[in-house]
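[1] dropping a prediction and its sequence here:
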Amino acid sequence: MEGLKPILERRSCRTYTDQPVPEHIIETLLKAGMFAPSANNAQPWEFLVMQDAEKKEAASNIAPYWSMLKNAPLGILVLADVAGYRGPIKDYFIQDCSASTENILIAAEAMGLGGVWLGLYPREDRIKKIRAIYNIPGHIMPFSVVSLGYPDKPHHPHTTYHAEKVHRDVY
Ligand SMILES: Cc1cc2nc3c(=O)[nH]c(=O)nc-3n(C[C@H](O)[C@H](O)[C@H](O)COP(=O)(O)O)c2cc1C
């Protein structure tokens, strides 16, 4: 069970200390994102590390519930190379990048960081704004932002097992 702690105890974290995230930790987060499963092993993801304060502040204004980004020491923008997609079903990039985003969140939890997934794709308004801030070319699709940092307070894991959501052999 010890190995499952980061999954079973993860919660979204939106407030952080000022402690910067060391480079080797950033690399591990990116590795977790890159090691996610993907349809046909297409691995359509790319990543943009968000550390510049001015750009992060601009990004924090993109959506009402993105304000935590301003004070987050780190953001990771998950991108998809949709033009170069290697599999037969391009829309699988959505699942691929979701798995990648979740891997980053779980790796963060495992290393004592906190993070929150900020919804980006398929919202055209947000995509347009993030493209402008980070100079993202047209063939690359911005998918999600993960806001990250060291939590400034403990969080409370989910506790309820919803048996009513589980079906066995027939719905
Ligand atoms: C696709 C997606 C988009 C989300 N967008 C935001 C967001 O813009 N701002 C935010 O604060 N949280 C966002 N979240 C986080 C959810 O609010 C959070 O996961 C949910 O409330 C459950 O809480 P938990 O993560 O602590 O389990 C998003 C999560 C997902 C999966």
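    Everything's here; your move.
[2] and the longest helix for the protein?
    helix 92-110 (DSSP state H).
[3] keeping just the C-alphas, turn it into CSV.
    What follows is helix 92-110, C-alpha atoms only, in CSV (Å, rounded to 0.1, in the frame of the first residue of the first chain):
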residue,chain,number,x,y,z
TYR,A,92,-6.2,9.7,-28.8
PHE,A,93,-3.8,12.6,-28.1
ILE,A,94,-6.5,13.7,-25.5
GLN,A,95,-6.2,10.5,-23.5
ASP,A,96,-2.4,10.4,-24.0
CYS,A,97,-1.9,13.9,-22.7
SER,A,98,-4.4,13.3,-19.8
ALA,A,99,-2.4,10.3,-18.7
SER,A,100,0.8,12.4,-19.0
THR,A,101,-0.8,15.2,-16.9
GLU,A,102,-2.0,12.8,-14.2
ASN,A,103,1.5,11.2,-14.1
ILE,A,104,3.0,14.6,-13.4
LEU,A,105,0.5,15.2,-10.6
ILE,A,106,1.2,11.8,-9.0
ALA,A,107,4.9,12.2,-9.3
ALA,A,108,4.6,15.7,-7.6
GLU,A,109,2.6,14.2,-4.7
ALA,A,110,5.2,11.4,-4.3
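[4] tell me the mean pLDDT over that helix?
    Confidence over helix 92-110 (mean pLDDT, whole number) is 98.
[5] ok, residues contacting that helix?
    5-7, 9-10, 28-40, 42-45, 76, 78, 80, 82, 85, 114-117, 121, 141, 143-144, 146, 148 (C-beta atoms under 8 Å, 6 or more residues apart in numbering). All C-beta atoms are positioned from the backbone trio N, CA, C, and that covers glycine.
[6] show me what counts as buried in that helix.
    Residues 92-94, 96-110 are the ones in helix 92-110 that count as buried (16 or more other C-beta atoms under 10 Å).
[7] and if you look at stretch 81-93?
    Those would be D81, V82, Y85, G87, Y92, F93, for stretch 81-93 by 16+ other C-beta under 10 Å.
[8] can you add distance to the ligand and give the residues you listed back as TSV?
    Converted to TSV, the buried residues of stretch 81-93 look like this (distance: C-beta to the nearest ligand atom, whole Å):
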residue	distance to the ligand
D81	20
V82	18
Y85	20
G87	22
Y92	17
F93	14
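[9] may I ask which two of those residues are separated the most?
    D81 and Y92 (12.9 Å; C-beta to C-beta).
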